[in-house]
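> compute the structure for the input listed below.
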Amino acid sequence: MTFPQALPSPRTPDSRDAPPLRWAIMGPGWIAEQFVASLQAHTTQVVAAVGSRSLDRAQAFASRHDIATAVGSYDELVALDDVDVVYVATPHPSHLEHAVMSMEAGKHVLVEKPIAISADQARQIAAVAARTGQFCAEALWTLFLPKWDVLRQVLDAGGLGELRSVHTVYGEHFPDGHRIFDPALAGGPLLDLGTYPLAYVTSLLGPARSVAAAGVPDVRGVNGQLGATMLHDGGTMSVVATTLHGWPRNEITIIGSEGVATVEALHNSPGPITITSADRGVTLTYDEPHGDQVGGLHFQAAEAARRIAAGERETPIRLLSASIISLEASDEIRRQVGISFAEAGLDEHG
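Numbering: from 1, shown residues only. Alright, predicted model coming up:
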């Protein structure tokens, strides 16, 4: 294991080269707006339809993005013949229902993160994907960015030596009235923001074997902030935190026996990675155009299109098993902190 002399180039293909598929947008909210704008700017994918429980809302979204078909129910959307893949962007508690609905109708799915509100629900989605033979993946877009491929290559080559620990935090500020404060929508920072840190640490270190978590409620009725220290196989450790109370630096620090990698703020968006040798004698930096915070959403769609066109049913960048492992850690954190979706009238078991 040797610290690298130079950083590799990303292997991420040009998104415009991905075979064009016909996409349907399920749920015309903020993230769907960003997703469609990114596809239309950076890919040859066709956004063919949009569906909402409100026909007026679907038609307004279609008008803004020049989408040919708008429908006023999700049943109508998944029944459309001119759709290959559905991007599920409805609220978190609906992901199980809508992913299953789409796959049962013969459509592939890319499900906005978190893929479900619990590991049990994610297992149900994976089981339906296996039974129907449809492509299914969690749209955790960060892992599809070129910078993550650079980091993956360094780690796979042993450039940091033996991994020791991963430290990461993600927080934001939200205005009063934002859906993240709604308990009925599985609000709080864990699923919206904490999904990123949990995905990072479990992707890098594997499942959490033990968890010690604590949290503090917000006056608006959801958890406001929490943190967890987790132990993983091989004597490795992770420390994660997430908050609704403001913007920390939002970095990832990966510590190995030969060096340290820092994925700089905002770690979930395009931006720089710095790798420093253990003796601090060598520092290497990879950077990429920052654009706006969600400017790289097209990479996940292009990856899905390539896999679907090749007849594959998952992407190794975010396997369904990896999504389940992240949610297992999330479930244990919720248990220890005392976050119960059942109290908000949600069935986390589907």
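> other residues contacting stretch 208-227?
With contacts defined as Cβ atoms under 8 Å, 6 or more residues apart in numbering, stretch 208-227 is touched by 171, 176, 180-183, 187-190, 194, 201-202, 228-233, 238-245, 328-329, 332-333, 336-339. For glycine as for every other residue, the C-beta is placed from the backbone atoms N, C-alpha and C.
> off-centre distance for it?
Computed by Cα atoms, centre = their mean, to the nearest Å, the chain-centroid distance of stretch 208-227 equals 20 Å.
> now do the buried residues in that stretch.
The neighbour-count check on stretch 208-227 (16 or more other Cβ atoms under 10 Å) flags Ala208, Val211, Ala213, Gly215, Asp218, Arg220, Val222, Asn223, Gly224, Gln225, Leu226, Gly227 as buried.
> now the two most distant members of those residues.
Longest distance between any two of these is 28.4 Å, between Ala208 and Arg220; criterion Cβ to Cβ.
> quick one: which of the buried residues of stretch 208-227 is nearest to Asp287?
Comparing the buried residues of stretch 208-227 against Asp287 with Cβ to Cβ places Gly227 closest, at 29.2 Å.
> quick revisit: let me know the closest of the buried residues of stretch 208-227 to Pro272.
Nearest to Pro272 out of the buried residues of stretch 208-227 is Gly227 (Cβ to Cβ; 25.1 Å).
> for the closest one, pull up the helix or strand it's in.
Per DSSP states H and E, Gly227 falls inside strand 223-232.
> ok, that strand: who's next to it in the sheet?
Sheet partners assigned to strand 223-232 using DSSP bridges are listed as strand 210-217 (antiparallel), strand 236-243 (antiparallel).
> can you name the element that comes right after the last one?
Using DSSP H and E, the next helix or strand after strand 236-243 towards the C-terminus is strand 252-256.
> angle of that following strand against strand 236-243?
For strand 252-256 against strand 236-243, the angle by axes from the mean of the first three to the mean of the last three Cα atoms, to 10 degrees is 170 degrees.
> strand 252-256: how far from the chain's middle?
Distance, centroid of strand 252-256 to centroid of chain: 20 Å (Cα atoms, centre = their mean).
> could you dump that strand to PDB, C-alpha only?
Extracted C-alpha coordinates of strand 252-256, given in PDB (Å, rounded to 0.1, in the frame of the first residue of the first chain):
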ATOM      1  CA  ILE A 252     -16.000  14.100   5.100                       C
ATOM      2  CA  THR A 253     -12.700  13.100   6.600                       C
ATOM      3  CA  ILE A 254     -11.400   9.600   5.900                       C
ATOM      4  CA  ILE A 255      -8.400   8.500   7.900                       C
ATOM      5  CA  GLY A 256      -6.100   5.700   6.800                       C
END
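> direction included, what does that strand pair against?
strand 163-171 (antiparallel), strand 259-263 (antiparallel).
> redo those strands as TSV? Include distance to Val128, mean pLDDT and mean neighbour count.
Below are these laid out as TSV (distance: least, Cβ to Cβ, whole Å; pLDDT from 0 to 100; neighbours: other Cβ atoms under 10 Å):
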stretch	distance to Val128	mean pLDDT	mean neighbour count
strand 163-171	30	97	21
strand 259-263	33	97	21
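> would you convert those into a markdown table that also reports distance to Ala58?
Output for these, formatted as a markdown table (distance: least, Cβ to Cβ, whole Å):
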| stretch | distance to Ala58 |
| --- | --- |
| strand 163-171 | 31 |
| strand 259-263 | 37 |
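> what's the closest of those to Asp56?
The nearest among the strands paired with strand 252-256, by Cβ to Cβ, is strand 163-171 at 34.5 Å.
> following the closest one, which helix or strand comes up?
helix 189-192.
> just checking, next helix/strand downstream of that following helix?
helix 195-205.
> mind listing what's buried in that next one?
For helix 195-205, by 16+ other Cβ under 10 Å, it's Thr195, Tyr196, Pro197, Leu198, Ala199, Tyr200, Val201, Thr202, Ser203, Leu204, Leu205.
> I appreciate the help and will end here.
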